[in-house]
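S.K.: Using only what follows, build the 3D model:
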Amino acid sequence: NKIIIEALEGDYPAVAHYLGSDDFAQLVERYAEAQPSRSYTFNRFGGKFPEFIRDAKWLRRRALLTDLARLERAVTEVFDAPESPAWPTEAIEKMPQDSWPAAVLQPIAAFRVLSFAYPVNPYLQSVKVENHDHPELPRRASFVAVYRKDYEVWRLDLGRPAYEFLSALAKGRPFGKAVAEAARGLQGDAGEQIFRWLRNWVAEGMFQSVA
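M.R.: Have a look, this model is predicted:
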């Protein structure tokens, strides 16, 4: 049991921290009963942990804990994802203007973009930094991109408009349609804001190609 608990704590440190050692151990024991490991390693043992938490009606603040677990699973998935060559930043300037409306961007394999009901990313960061104050977790929507760059996993907080635009691109929405949808929710020079997002995301290596 101790080995199982330590394995899950390694993948879900924020969940473990929020619950405390005793309650986390109890949660892991119940999970192990419902999802017994069928592998000689524990690498994928925690893959269904967020869904288990979501359905654990006996668990206090399970919606919040589900969000924490989903973010932490995304970090693990991105860490383990295969390497993809990043689309170079200068390629944006080389794209013919008339190619942009139909362009479809392909994200790298080590990429996830998620929405949450709680601001879980700052809490996860506080757990990773020793002697750091832990923020409150009121119910408030938050949006995070998780990606790997230079062999490290990064987490980027997003506003709702940026999240919706990035999600649309990641799902294969043609660039022109994604821009039109995003522009409706922005004030001021929407085009400048959208291309600033895109340049930043490409510079971060979130995309591998464009078709």
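
S.K.: Could you use CA atoms for every contact and neighbour count after this?
M.R.: Will do.

S.K.: For the helix or strand containing residue 10, what is the distance to the chain centroid?
M.R.: According to DSSP states H and E, residue 10 maps onto helix 2-11. Shown here is helix 2-11, whose average C-alpha point lies 21 Å from the average C-alpha point of the whole chain (Cα atoms, centre = their mean, to the nearest Å).

S.K.: Any stretches of the chain with poor pLDDT?
M.R.: When residues are selected by pLDDT under 70, those of the chain lie in 37-43, 131.

S.K.: what residue of it is the furthest out?
M.R.: For the chain, the C-alpha lying farthest from the average C-alpha position belongs to residue 98; by Cα atoms, centre = their mean, that distance is 32.2 Å.

S.K.: would you say that residue is within a helix?
M.R.: Yes. If the criterion is DSSP: H, G, I helix; E, B strand; the rest coil, then residue 98 is within a helix.

S.K.: any idea how far it is from residue 34?
M.R.: Between residue 98 and residue 34 the distance is 54 Å, computed by Cα to Cα, to the nearest Å.

S.K.: And residue 119, by the same measure?
M.R.: Here residue 119 is placed at a distance of 29 Å from residue 34 (Cα to Cα).

S.K.: The two: which is more packed in?
M.R.: When residue 119 and residue 34 are compared for neighbours, residue 119 comes out ahead with 23 against 10, by other Cα atoms under 10 Å.

S.K.: give me phi/psi at that one?
M.R.: phi -80, psi 70 (degrees, to the nearest 10).

S.K.: one step back: check which helices and strands the helix holding residue 10 is in contact with.
M.R.: helix 21-34, helix 62-80 (3 or more Cα pairs under 8 Å, 6 or more residues apart in numbering; DSSP states H and E).

S.K.: Output the contacting helices and strands for the next helix or strand after it.
M.R.: The element immediately downstream of helix 2-11 (helix or strand, assigned by DSSP H and E) is helix 13-19. Helices and strands touching helix 13-19, as assessed by 3+ Cα pairs under 8 Å, 6+ apart, comprise helix 62-80, helix 120-128.

S.K.: Run me through the strand neighbours of the helix or strand just after the last one, direction for each.
M.R.: If I follow you right, that is helix 120-128. Next along the chain after helix 120-128, taking DSSP H and E as the criterion, comes strand 142-149. Strand 142-149 has the following strand partners under DSSP bridges: strand 111-116 (antiparallel), strand 152-158 (antiparallel).

S.K.: any idea how far residue 47 lies from residue 71?
M.R.: 12 Å.

S.K.: Compare the two (neighbour count), which wins?
M.R.: Neighbour totals were compared for residue 47 and residue 71, and residue 71 leads with 27 against 19 (other Cα under 10 Å).
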